[in-house]
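[1] Below is the structure, and that's it, no one-letter string:
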């Protein structure tokens with residue numbers, strides 16, 4: 001039987017409806033040129049580089065950035081594609097240029113996303129007895145399988161009240177941090193992932209989250225995965241102390257490959273696999289019937 005975890009449902013966790021935390025307010029008033037310059041500079045491209053990628057003149061690009069030229073809808077989308085702008089921000093570019101948003105942002109319970117919800121739940125359910133969870137763009141917990149609460153018994157109940165932020169729960173000193181045997185490695189790994197996400201999305205909520213996590217107490221020393229310049233192993237392990245002994249996992253992240261909905265693009269599934277036979281053996285009996 002799955003133990004009760006405050007703030008989280010019991011065993012049939014993957015049957016709970018998936019919901020998202022409210023989005024942070026978006027800044028307004030920026031012109032299309034401001035948006036375009038921001039993304040070009042964020043991608044470390046000169047006007048010459050971006051103009052060449054988009055097949056336009058540098059003069060035309062400069063005029064769009066300064067507001068002397070109004071882009072067509074097709075041009076906005078072309079530039080957004082070359083700059084790898086997330087769908088949410090492509091809508092902001094279109095709006096700033098005077099066009100209607102192109103990409104819908106559906107609530108996860110929208111009937112249009114039924115197939116996507118079923119796909120996510122199939123992944124979560126099928127991954128038992130190993131942990132798997134779904135998160136939104138701010139790392140807030142959306143859904144999870146019945147194995148996840150087994151790892152959370154030691155966490156402060158306050159950190160398990162929704163919305164549950166997965167990174168905060170993992171690294172907070174009253175969360176899972178005391179049980180993570182390789183906390184230094186795992187902390188550094190999560191910081192790198194979050195920093196990469198911030199570089200891609202320019203999301204201020206994520207930037208604030210990174211600053212918060214970096215302020216948490218650091219472990220006295222981190223174990224280096226390198227030896228004589230070589231990286232050891234094949235993937236960063238997540239080593240977790242439990243009453244069943246030390247559990248060691250490697251993880252994969254699954255995203256939808258061709259989303260045209262903002263919500264769907266921002267949904268990710270993290271699946272944890274046993275990194276050794278001892279972990280697999282320890283977990284199998286915990287969820288009978290899986």
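    Looks like it arrived, so ask away. Here the structure is a predicted model, which means the values were calculated and not measured.

[2] Where does pLDDT dip in the stretch 151-290 of the chain?
    221-234, 287-290 (pLDDT under 70).

[3] This protein - how does it break down into domains?
    Domain assignment for the chain by automatic domain parsing gives 32-96, 107-286.

[4] can I get those domains in CSV with mean neighbour count?
    The way it works is simple: take the backbone N, C-alpha and C, and place the C-beta from them, glycine included. Below are the domains of the chain laid out as CSV (neighbours: other C-beta atoms under 10 Å):
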stretch, mean neighbour count
domain 32-96, 17
domain 107-286, 16
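
[5] Please name the residues that touch residue 154.
    176, 178, 179 (C-beta atoms under 8 Å, 6 or more residues apart in numbering).

[6] separation between it and residue 173?
    12 Å (C-beta to C-beta, to the nearest Å).

[7] where along the stretch 151-290 of the chain do the helices fall?
    166-171, 183-201, 204-214, 262-265, 277-283 (DSSP state H, counting those that start in this stretch).

[8] Take the ones you listed and write them to TSV, including distance to residue 51.
    Converted to TSV, the helices of the stretch 151-290 of the chain look like this (distance: least, C-beta to C-beta, whole Å):
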stretch	distance to residue 51
helix 166-171	38
helix 183-201	22
helix 204-214	29
helix 262-265	27
helix 277-283	52
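
[9] Quick one: closest of these to residue 119.
    helix 262-265 (10.0 Å; C-beta to C-beta).

[10] check contacts around residue 106.
    Counted by C-beta under 8 Å, 6+ apart, residue 106 has contacts 112, 113, 261, 262, 263, 264.

[11] what sits opposite residue 251 in the beta ladder?
    Legend: beta-bridge partners of residue 251 under DSSP bridges are residue 272.

[12] Show the contacting residues for it.
    Residue 251 touches 235, 238, 270, 271, 272, 273, counting by C-beta under 8 Å, 6+ apart.

[13] Closest one to residue 123 out of those, please.
    residue 271 (7.0 Å).

[14] quick one: the closest one and residue 132 touch, right?
    Yes. In this structure residue 271 lies within contact range of residue 132 using C-beta atoms under 8 Å: 4.3 Å.
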